[in-house]
Structure formats: C-alpha cells, structure tokens
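Trainee: return atomic coordinates for the entry below.
(chains A, B, C and D)
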Number of protein chains: 2
Amino acid sequence: MLSNACKYAIRSILYLAMHVEEKEKIGVKKIAEALETPQPFLAKLLQQLTKSRLVSSSKGPHGGFFLNEKNLKNSIWDVVKCIDGTSKFEQCFLGLSTCGDENPCPVHFTVAPFKKKILSDFRDKSIEEFVNEIKLKGRYISLKDFDALK
Amino acid sequence: MLSNACKYAIRSILYLAMHVEEKEKIGVKKIAEALETPQPFLAKLLQQLTKSRLVSSSKGPHGGFFLNEKNLKNSIWDVVKCIDGTSKFEQCFLGLSTCGDENPCPVHFTVAPFKKKILSDFRDKSIEEFVNEIKLKGRYISLKDFDALK
DNA sequence: ATTAATTAAGACTAAAATGTCTTTTTTGTA
DNA sequence: TACAAAAAAGACATTTTAGTCTTAATTAAT
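Mentor: The predicted model follows:
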C-alpha cells in the first residue's frame, strides 16, 4: 500500500515529533540509524519533506531536522500525499476499475472499512495528536525505541 | 498490497471459475478483454498458473484455459503464493521490522484484523466456494459482467 | 577568515515490476 | 497430410522504485 519511501518518511516525521521536546535538531545520520533505513535515501526524502514544509531544517554545525509548531499541525496524510500521492488508497484491492459500493468486487466490503479506518487515523489527527496517542498507548516506530524500554 | 500481476491472476481464475459450467475452454484474448487487462501480460501469467497446476490448458484449435475439478479445490491464497509470494502479507504496514502484538507500530491494531480477515477470505475457501459466494452475494470481477446485468 | 559539519541538489546506478514481441510447439480439423 | 488456431517459451523494452554518490551551499565555532 505504502512505498518504502513513504514508510521511511512517516516514521521519520514521527521520530522527529517524538523528540520535539528535546529542542535539538537531529541529523539524517541519527534518524537513519534509529529507524534502520538507508541514509542517503532518507536524506533525499527529508529534503523533499522540507521543500513541502512538512519538516524544518537548518544547515551547518549543530544543524539538522526538526518540527516547528506549524509542522506539528500537519497530518500523516499530508506526508502520504507528499511522497506517494493518494492513488493507491483510491484503487480497488483487486484492480477493478469500477469497484464501489454499487458494484463491489469480492473483497470490497472487507477492504472498505479498513481503508476508512486507516484514512481517519492518518487524516483526522495532527502529527502532534498522533504522537501523543502513540506515546500514551505504547506504540513503537523503531526497534531501538523498543529495546530502550526493556 | 497485491501486484498488478497478482490482481490479474486472481480475477482470471475467478473468471474461469464463474464460467466453468459452460464446459468450454476460454482463450487469453477473451479473458483479457473481459477483464480489461493487457493481453500478452495476462498470457504469461496464465502460463505461470498453468505450470503451477492452478489452471488447466490445452493447445490447438478450440483450445484455451479452464479449471478442472482439482483446480477448483485450490484457494485464492494459492494464486497469491504462486504470483507474489506471501511476504507483503507478513510485512508491517509502516515497515517496522519487529512489529507485532508485543511491540506494535502505531497502526498495527488497525491493520492486523484486516490482514486476518482478508487472509481467511483467501485461504479458508476453495475457489469453488469463493465463486459460489460471490455469485450469491452479487460481487463483480469485471465491468463487463456488471454491464451485462443492467 | 578558515574550517568543519551539516543540508541541498542533482546526476547516476540497480533492481523490480510491467508489459511487448517473436518464435516454437501442439493439436484439432478440413 | 496440410493448415490454422491456440498455448508455451523466452528474449526484449519500458517504467517505476529504490538507492548511491558527488559536488555545492550554508552556517556555527574557532
């Protein structure tokens, strides 16, 4: 459903949001290590997110990436739109061009509620809210975070 | 989640299963037209399915593809395994390598039930049963089928 | 001012997915 | 037996995704 690029991007933003209290900019290297993603590939993605103003950055020593107040008001859905676009979320699971409630494919009524739920997870919460929730509920975005709590 | 190839393959098998009563072999051309898929690409897929004994075929005039008794006992899941393999169904929605019930990613508990449901749709029914159900419930696998009923 | 650390930009490469085209093989039928 | 219709096989082409590498620009600290 999501490309690797988009998965990396989402987890990066969540990572930045989870460390926003620390008031320190974070470099690609650290993010890539924490999330176990290919560094130069992630760098390009972060640039793209920065250009779309979903992430903030500053160059030079002690530079890096961070989320400002405005960035935190965006949603995961904004990230998806920026990296993958929305088409995969609109397509029928079996590729039927006209699939919908009126002429459903065999799995339409299994897939539709899931799509609705994931869409509301992604679209109806700000990054900030999203992260508060995952902290509260104990969700993880990297193996390192998980290990740190043992 | 599924590749185009796999979507075509699933719909082809369902198409053959829905026309099994007619006792006639069906050529690639007809199937590709009915399902609106690229013909030579579908041909290759049908060959692959035939080699894996998920579909039967015969060459020469009035030849074509069909499902025998044994073919009808297979499941959609067998088709998925043949074309895509199972890896995409095992991966975390956000790409987290260790995602699971114990260290869930932020959408794990949204995705897991869906996976379970779609898996049981695909794995726990034979093609035959699957098709009986979709006929009963009025599900579609091509625009043409839908139009035919208007 | 110089240096070093960092992002920015963009050319480049590799792999996988998607799809086409041509030739061969098989087989029913005239 | 010859022909035509179909699948089988496999080489080829295109597009997308994934990822690397090099160079430039910026900036904080010395």
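Trainee: give the residue spans of chain A that score low on pLDDT.
Mentor: In the prediction, chain A carries residues with pLDDT under 70 at positions A:143-150.
Trainee: and the strands in it?
Mentor: Counting by DSSP state E, residue ranges of the strands within chain A are A:56-58, A:64-66.
Trainee: what's the most buried one of these?
Mentor: Of all those, strand A:64-66 carries the top mean neighbour count, a mean of 21, counting by mean count of other C-beta atoms under 10 Å in any protein chain shown. All C-beta spots, glycine's among them, are computed from the backbone N, C-alpha and C.
Trainee: any residue of that one up close to DNA strand D?
Mentor: No - for a cut-off given as C-beta under 7 Å from any atom of the strand, strand A:64-66 has no contacts with DNA strand D; the smallest distance is 10.7 Å.
Trainee: now do the phi/psi pair for the residue nearest to A:Asn4 when sequence neighbours are not counted.
Mentor: Closest residue to A:Asn4 apart from its sequence neighbours, by C-beta to C-beta, 6 or more residues apart in numbering or on different chains: B:Gly95 at 6.5 Å. The phi and psi torsions at B:Gly95 (degrees, to the nearest 10) take the values phi 80, psi 10.
Trainee: could you do the one 5 residues further on as well?
Mentor: Comment: the main-chain dihedrals of B:Gly100 come out as phi -170, psi -180, following degrees, to the nearest 10.
Trainee: cool, and the one 4 residues further on?
Mentor: In terms of degrees, to the nearest 10, the main-chain angles of B:Pro104 are phi -80, psi 140.
Trainee: who touches it in this structure?
Mentor: Taking C-beta atoms under 8 Å, 6 or more residues apart in numbering or on different chains, we find B:Pro104 in contact with A:Gly138, A:Arg139, A:Tyr140.
Trainee: hmm, try it at 10 Å
Mentor: A:Ile134, A:Lys137, A:Gly138, A:Arg139, A:Tyr140, A:Phe146, B:Cys92, B:Leu96, B:Thr98, B:Thr110, B:Val111, B:Ala112 (C-beta atoms under 10 Å, 6 or more residues apart in numbering or on different chains).
Trainee: again, but for A:Val111
Mentor: For A:Val111, the contact set (C-beta under 10 Å, 6+ apart) comprises A:Cys92, A:Phe93, A:Leu94, A:Cys99, A:Pro104, A:Cys105, B:Met1, B:Phe114, B:Lys117, B:Ile118, B:Asp121.
Trainee: then A:Phe93?
Mentor: Under the criterion of C-beta under 10 Å, 6+ apart, the contact partners of A:Phe93 comprise A:1, A:99, A:105-108, A:110-112, A:114-115, B:1-2, B:7, B:10, B:118.
Trainee: what about it, distance to DNA strand C?
Mentor: Computed as C-beta to the nearest atom of the strand, to the nearest Å, the A:Phe93 to DNA strand C distance reads 13 Å.
Trainee: that older thread, columns distance to chain B on top of the strands of chain A, output as TSV?
Mentor: Listed next are the strands of chain A as TSV, based on distance: least, C-beta to the nearest C-beta, whole Å:
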stretch	distance to chain B
strand A:56-58	22
strand A:64-66	19
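Trainee: quick one, which of those is nearest to A:Lys88?
Mentor: strand A:64-66 (26.0 Å; C-beta to C-beta).
Trainee: which outside residues touch the closest one?
Mentor: A:12-13, A:15-17, A:19-20, A:22-31, A:43, A:46-47, A:49-50, A:55-58, A:71.
Trainee: how about 8 Å then?
Mentor: Judged by C-beta under 8 Å, 6+ apart, the contacts made with strand A:64-66 from elsewhere in the structure are A:12, A:16, A:20, A:24-28, A:30-31, A:46, A:50, A:55-58.
Trainee: also stretch A:18-27?
Mentor: A:15-16, A:57-58, A:62-67, A:72, A:131, A:135, A:141, A:145.
Trainee: get me the contact residues on chain A for DNA strand C.
Mentor: Contact residues, chain A versus DNA strand C (C-beta under 7 Å from any atom of the strand): A:26-29, A:40, A:43-44, A:46-47, A:50-51, A:57-65.
Trainee: that's all I had, so thanks and see you.
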